[in-house]
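**Student:** Fold the following.
(one chain, ligands or ions: 1)
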Amino acid sequence: MTTNAQASISIPQLRNELAGEVIAPDDPQYDGARRVFIPLYDDHRPAVIVRPADAREVGYIVALARETGLELAVRSGGHSGAGHSVTDGGIVLDLSLMKSLEIDPEKRIAWAEAGLTAGEVTNATAAHRLAVGFGDTGSVGIGGLTVGGGVGYLVRKHGLTIDDLLAAEIVLADGRLLQVDSERNADLFWAIRGGGGNFGVVTRFKFRLHPLDTVTGGMLVLPATAEAIAGFIAAAEAAPEELSTIANVMTAPPMPFIPEEHHGQIVMLAMLVHAGSTEDGEQAVAPFRALATPLADMVRPMPLPEIYPPDDPEYRPLAAARTMFVDSIGYAESELILDQLTASTAMMPVAQLRVLGGAMARIPADATAFAHRRSKIMVNVAAVYERLDEASVHEEWVTEFADALRQSDHGAYVNFVGDEGEDAVRASYPGETWDRLAAIKRRYDPGNLFRLNQNIPPA
Ligand SMILES: Cc1cc2nc3c(=O)[nH]c(=O)nc-3n(C[C@H](O)[C@H](O)[C@H](O)COP(=O)(O)OP(=O)(O)OC[C@H]3O[C@@H](n4cnc5c(N)ncnc54)[C@H](O)[C@@H]3O)c2cc1C
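**Tutor:** You can find the predicted model right below:
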């Protein structure tokens with residue numbers, strides 16, 4: 001924390017002018033408030049953490065960052081893998097007090113403030129038997145997830161989260177609050193559907209909601225043989241669009257429902273969600289159950305919110321990770337995955353495989369700033385480890401693993417890119433997408449005020 005930075009901000013004045021919370025370094029709640037999901041950034045000490053009460057106060061904090069020149073970190077749920085929602089010496093704009101949610105069950109829309117989490121919105125809409133798809137983790141903020149795209153359990157049935165985004169309200173670098181949709185400020189509306197936090201602070205999202213009652217979903221744990229992994233991918237590709245899957249090939253955690261002899265062994269821990277009738281769900285899940293005798297089978301009819309296990313605020317893993325898309329995972333690629341996982345020295349090495357397609361793939365690639373519409377399978381390789389001094393070994397391992405698995409698709413999903421440098425950001429925005437985003441950035445944030453993100457520089 002630099003004294004200069006503190007000198008340029010008057011904490012009493014901020015407290016006087018804002019109805020939200022202003023947390024300074026000498027406040028007892030400061031250490032808790034600067035913490036984000038990834039512990040790698042625990043040494044970052046912001047000059048101030050401000051939790052605005054409303055969009056006007058968001059504008060006030062944006063102006064403060066502009067005027068002081070201090071680095072601005074925008075935080076919704078704090079799950080950025082690159083640590084972008086905390087700054088060392090700058091201002092954290094933490095949206096966590098802004099959680100209003102207006103659901104119109106008749107029109108099937110929701111206006112959701114950006115401080116809400118995926119779990120909070122999913123719970124509230126489920127009360128009306130409605131849903132919008134987010135990701136696989138309830139505590140992830142709808143702010144970061146939505147502006148990056150949003151790939152989750154309804155991706156094949158309803159597309160990405162942004163495919164249900166109808167409008168948004170956004171505070172720009174110059175402090176203006178704009179409404180954006182397909183007609184008003186359409187360039188900006190295009191850019192915030194995948195372009196991340198580069199263009200402003202979204203204060204509210206308007207989502208389309210889909211009728212959804214019970215899903216057939218849950219965890220299916222299978223032995224991780226090359227046959228079973230390749231079979232799983234083939235079954236996921238052949239499955240009806242109602243079914244979306246996430247297969248984690250990984251060392252089995254000591255969960256009580258996994259037989260003890262498999263703890264620490266490599267297994268396939270898969271999550272399945274079928275958003276259709278219970279009867280169709282049973283049928284859709286059958287080919288996966290038939291791949292091998294399951295080590296655990298918890299797939300059952302359930303309300304969608306139950307797919308999110310209860311949050312454990314103490315779970316903050318150290319992890320090295322790489323994200324990519326691949327064209328196919330057959331027997332040879334499955335063997336490669338198993339060999340790589342076996343060679344890792346990490347506490348928990350993981351290859352996460354998500355078969356895409358369906359509704360997501362029917363949107364034209366240039367319709368949103370998320371342009372990977374034709375990508376077949378998203379893969380995240382990760383090493384969850386215990387001590388900071390192990391980091392370099394695991395960074396090297398994930399890089400090698402990703403290089404070995406890479407095929408013709410050189411794209412990356414921005415929401416899973418870590419602190420990896422410009423190439424990974426460029427890979428997130430292939431072809432003309434990058435140039436179009438850079439032009440919009442020039443128009444709305446020429447000074448690059450919003451730079452603590454997977455940055456698209458204006459020049
Ligand atoms: C455990 C875990 C599971 C995940 N699972 C999935 C998944 O299944 N599917 C998926 O798609 N992604 C997933 N992600 C990735 C996740 O979508 C991104 O990390 C996302 O950025 C997190 O959003 P957040 O609001 O929690 O993060 P934050 O750290 O608060 O924000 C991240 C960045 O997003 C931008 N941002 C945040 N809020 C706003 C806003 N209101 N307006 C403008 N910009 C904003 C800012 O640039 C900020 O730096 C997962 C991440 C984790 C850690």
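**Student:** Verify the stated contact: residue 417 with residue 429.
**Tutor:** No: at 10.8 Å, residue 417 does not count as touching residue 429 under the criterion of C-beta atoms under 8 Å. Yep, even glycine has a C-beta here, placed from its N, CA and C like the rest.
**Student:** and for these two, which residues touch both?
**Tutor:** Common contact partners of residue 417 and residue 429 (C-beta atoms under 8 Å, 6 or more residues apart in numbering): none.
**Student:** Chain neighbours aside, what residue packs nearest to the residue of the stretch 151-300 of the chain found nearest the ligand?
**Tutor:** When scored by C-beta to the nearest ligand atom, the stretch 151-300 of the chain has residue 197 as its residue closest to the ligand, at 2.3 Å. Using C-beta to C-beta, 6 or more residues apart in numbering and skipping the chain neighbours, the partner closest in space to residue 197 is residue 453 (4.1 Å).
**Student:** Off-centre distance for the strand or helix carrying residue 437?
**Tutor:** Per DSSP states H and E: residue 437 is located in helix 432-444. On the basis of C-alpha atoms, centre = their mean, to the nearest Å, helix 432-444 sits 22 Å off its chain's mean C-alpha point.
**Student:** Next: stretch 161-171.
**Tutor:** 15 Å.
**Student:** Next, see if it gets close to the ligand.
**Tutor:** No: Stretch 161-171 lies apart from the ligand when judged by C-beta under 6 Å from any ligand atom; the minimum separation is 7.1 Å.
**Student:** Correct me if wrong: residue 405 contacts residue 338.
**Tutor:** No: the criterion here is C-beta under 8 Å, and residue 405 misses it with residue 338 at 12.0 Å.
**Student:** Test my guess that the residue of the stretch 151-300 of the chain closest to the ligand contacts residue 451.
**Tutor:** No: at 9.4 Å, residue 197 and residue 451 do not qualify as touching, with contact defined as C-beta under 8 Å.
**Student:** Looking at the two, which is more packed in?
**Tutor:** residue 197 (26 against 16; other C-beta atoms under 10 Å).
**Student:** Tell me if I am right that that one is in a helix.
**Tutor:** Yes: judged by DSSP: H, G, I helix; E, B strand; the rest coil, residue 197 forms part of a helix.
**Student:** Please list all residues in contact with it.
**Tutor:** 74, 84, 144, 147, 450, 452, 453.
**Student:** Flag every residue of the stretch 51-200 of the chain that's near the ligand.
**Tutor:** Residues of the stretch 51-200 of the chain lying near the ligand (C-beta under 6 Å from any ligand atom): 74-81, 84-85, 95, 114, 135-137, 140-141, 143-145, 147-152, 196-197.
**Student:** If we use 5 Å, what do you get?
**Tutor:** 74-80, 84-85, 114, 135-137, 140-141, 143-145, 147, 150-151, 197 (C-beta under 5 Å from any ligand atom).
**Student:** Which of those fall in strands?
**Tutor:** Mapping those onto strands (DSSP state E) picks out 74, 75.
**Student:** The residues of the stretch 51-200 of the chain next to the ligand in helices, which ones?
**Tutor:** 143, 144, 145, 147 (DSSP state H).
**Student:** okay if I get those residues as JSON lines plus neighbour count and pLDDT?
**Tutor:** Putting those into JSON lines (neighbours: other C-beta atoms under 10 Å; pLDDT from 0 to 100) gives the following:
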{"residue": "143", "neighbour count": "29", "pLDDT": "98"}
{"residue": "144", "neighbour count": "26", "pLDDT": "98"}
{"residue": "145", "neighbour count": "24", "pLDDT": "98"}
{"residue": "147", "neighbour count": "34", "pLDDT": "98"}
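**Student:** Looks like residue 419 contacts residue 82 (just checking).
**Tutor:** Yes: look at residue 419 against residue 82 with C-beta under 8 Å: they come within range, at 4.3 Å.
**Student:** For residue 217, give me phi and psi.
**Tutor:** The phi and psi values for residue 217, taken as degrees, to the nearest 10, are phi -160, psi 180.
**Student:** show me the contacts for it.
**Tutor:** Going by C-beta under 8 Å, 6+ apart, residue 217 touches 153, 271, 272, 273, 274, 281, 299, 300, 302, 304, 306, 307.
**Student:** re earlier: can you redo the ones in helices among the residues of the stretch 51-200 of the chain next to the ligand as JSON lines with distance to residue 204?
**Tutor:** Formatted as JSON lines, these follow (distance: C-beta to C-beta, whole Å):
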{"residue": "143", "distance to residue 204": "10"}
{"residue": "144", "distance to residue 204": "15"}
{"residue": "145", "distance to residue 204": "15"}
{"residue": "147", "distance to residue 204": "13"}
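**Student:** Just name the closest of these to residue 387, please.
**Tutor:** residue 144 (27.3 Å; C-beta to C-beta).
**Student:** okay but that closest one is in contact with residue 85, surely?
**Tutor:** Yes: judged on C-beta under 8 Å, residue 144 makes contact with residue 85 at a distance of 7.4 Å.
**Student:** what do the two both touch?
**Tutor:** With C-beta under 8 Å, 6+ apart, residue 144 and residue 85 have common neighbours 76, 79.
**Student:** Quick one: residues in contact with the helix holding residue 437.
**Tutor:** With C-beta under 8 Å, 6+ apart as the criterion, helix 432-444 contacts 172-173, 187-188, 190-191, 195, 198-200, 366, 369, 371, 426, 429, 448, 456-459.
**Student:** and residue 384, that's in a helix?
**Tutor:** No: counting by three-state DSSP, residue 384 falls outside a helix, being strand.
**Student:** quick one: contacts for the closest residue to it other than its chain neighbours?
**Tutor:** Ranked by C-beta to C-beta, 6+ apart and with sequence neighbours excluded, the top spatial neighbour of residue 384 is residue 348, at 4.0 Å. The contact partners of residue 348, by C-beta under 8 Å, 6+ apart, come to 250, 251, 253, 383, 384, 385.
**Student:** Likewise for residue 181?
**Tutor:** Contacts of residue 181 by C-beta under 8 Å, 6+ apart are 166, 167, 168, 189, 206.
**Student:** Quickly list what it is bridged to.
**Tutor:** residue 167 (DSSP bridges).
**Student:** distance of it from residue 137?
**Tutor:** Plainly put, residue 181 is 28 Å away from residue 137 if you go by C-beta to C-beta, to the nearest Å.
**Student:** Ok, residue 123 next?
**Tutor:** 14 Å.
**Student:** Contacts only, for the most centrally placed residue in the chain.
**Tutor:** The residue lying closest to the centre of the chain (C-alpha atoms, centre = their mean) is residue 145, at 4.2 Å. Contacts for residue 145 were tallied using C-beta under 8 Å, 6+ apart; they are 76, 77, 79, 118, 134, 135, 161, 415.
**Student:** doesn't residue 316 make contact with residue 37?
**Tutor:** Yes: between residue 37 and residue 316 there is a contact under C-beta under 8 Å: 5.9 Å.
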